[in-house]
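>>> Here you go, sequence then predicted model.
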Amino acid sequence: MRVQDFDFLLPPELIAQHPPVERDGARMLTLDRATGAFHDRCFRDFPSLLRPGDLLVLNDSRVIPARLLGRRMGLHTQKGSPAPSGAVEVLLTQPLGSDRWRALVKPGRKVPVGERLVFETGTRPARLVADVTHAGEFGERTLEFQPVGDFFAALDALGQIPLPPYIHRTAEDVQDDRERYQTVYAGERGSAAAPTAGLHFTPAVLDAVRGRGVAVAHVTLHVGLGTFQPVRADDLADIRLHEESYSLPAATATALQQARAGGRRIVAVGTTTTRTLEHLAQAGRVEAHSGTTSIFLQPGHQFQLVDALLTNFHLPRSTLLMLVSAFGGYEPVLAAYRHAVEERYRFFSYGDCMFLS
């Protein structure tokens, strides 16, 4: 298949710029994979669509304020003190160990290996300094930060929540996103973008889910370039995703094994959870461990662990739409998307959702 096969007409005004007033107030389109039938619902109906004995799996990664604005200080290997050489914007995308991060840097063409970057403000007593140690394609860089007492405290003070580029806001209008661009069950820090299907959940919805006899478990996949990188290939066979870090707790591994052995449904919340579970199945390792995955799910993939999927509406030509089409069927999913456009559903991170079962 070709990337252009996953294009569709999306009026710009359907791209959600704000979250719904209430977390669980989104609309929800349901798709029956067996018949291709779809129906208009609301997310508050979601618990009623689950079955006693189902296992609901959530990605509990926490979004970090990964967007940093700073200045370039020149090549730090030169003798003498380097002179400031311009503004820089950094998006931290993946931790690589102690004080090292993979990042996207703008303007990438002006930031070579050896450049020193400084992030600080005049109003907060926080400062981060990083050296560029490796350069990749399309603005990708490896940064090594000078040690500080508490890196994440400094990042909280200096960084901004990395809203997607299709959300256009004024500076004073983004403070609430520190709470709303985060799931209510977020745990370990590490994501550069939210696992957005989980944004709809409230404690009350989760209580209703459990009240139906549904078990709830967590995996952690830190969202990075593998999830939101733009597609630069023409054929799906040529798409290669970046690695993202995941971890599978022992309790979740046991729950997955028991659900599969008992013939009970495994319901994935979001494409990141789906990719993690299908990677585990492909690797044949449903036991407690941590690792990385670059799995790309496209039409033709035979799903082994995921039986139902809750997800938001995704970008045209995106690997996420390809994943949903792999799960729900190419023609039924594209038909459902056309219906969603006609019915004025809200798209992308802060938009409405879709349940495929």
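Alright, I've got the coordinates.

>>> Mind checking what helix or strand follows the least confident helix or strand in the chain by mean pLDDT in sequence?
Within the chain, no helix or strand scores below helix 225-228, which has a mean of 66 by mean pLDDT, DSSP states H and E. Sequence order places strand 244-248 as the next helix or strand after helix 225-228, per DSSP states H and E.

>>> Show me the contact partners of that next one.
For strand 244-248, contacts defined as C-beta atoms under 8 Å, 6 or more residues apart in numbering pick out 94-95, 188, 190, 219-227, 272, 276, 279-280, 286-294. Any C-beta I mention is one placed from the backbone N, CA and C, and that applies to glycine too.

>>> Tell me if I'm right that Thr273 and Asn59 touch.
Yes. Shown here, Thr273 and Asn59 form a contact pair, counting by C-beta atoms under 8 Å, at 4.6 Å.

>>> Identify the contacts common to these two.
195, 219, 221.

>>> and of those, the nearest to Gln258?
Distance to Gln258 across the shared contacts of Thr273 and Asn59 (C-beta to C-beta) is lowest for Val219, with 15.6 Å.

>>> Name the SS class of the residue lying closest to the closest one once chain neighbours are set aside, please.
Spatially, and ignoring its direct neighbours in sequence, Val219 is nearest to Thr276 (4.9 Å; C-beta to C-beta, 6 or more residues apart in numbering). Of the three states, Thr276 takes helix under DSSP: H, G, I helix; E, B strand; the rest coil.

>>> And the one 5 residues further on, by the same measure?
Using three-state DSSP, the structure places Ala281 in helix.

>>> Compute the number of surrounding residues for it.
By other C-beta atoms under 10 Å, the residues close to Ala281 number 18.

>>> could you list every residue that touches it?
304-305.

>>> and Ala217, bridged to which residues?
Beta-bridge pairing of Ala217 under DSSP bridges involves Val57.

>>> in which helix or strand would I find Ala153?
helix 151-158.

>>> Show the contacting residues for the nearest residue to Gln17 once chain neighbours are set aside.
Spatial nearest neighbour of Gln17, chain neighbours left out: Ile167 (5.7 Å); criterion: C-beta to C-beta, 6+ apart. By C-beta under 8 Å, 6+ apart, the residues touching Ile167 are 15-17, 348-350.

>>> can you tell me how far Ile167 sits from Ala335?
Ile167 sits 27 Å away from Ala335, going by C-beta to C-beta, to the nearest Å.

>>> if we can go back for a sec, only alpha carbons, please: show the helix holding Ala153 as CSV.
Extracted C-alpha coordinates of helix 151-158, given in CSV (Å, rounded to 0.1, in the frame of the first residue of the first chain):
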residue,chain,number,x,y,z
PHE,A,151,17.0,17.5,36.3
PHE,A,152,13.2,17.2,36.2
ALA,A,153,12.7,20.1,38.7
ALA,A,154,14.8,22.3,36.4
LEU,A,155,12.8,21.0,33.4
ASP,A,156,9.5,21.7,35.2
ALA,A,157,10.7,25.3,35.7
LEU,A,158,12.1,25.9,32.3
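
>>> If you count neighbours, what's buried in it?
Under the neighbour-count criterion of 16 or more other C-beta atoms under 10 Å, helix 151-158 has 151, 154-155, 157-158 buried.

>>> Ok, stretch 292-310 next?
293, 295-299, 303, 305-310.

>>> Just give the number of residues close to the residue nearest to Val219.
27.
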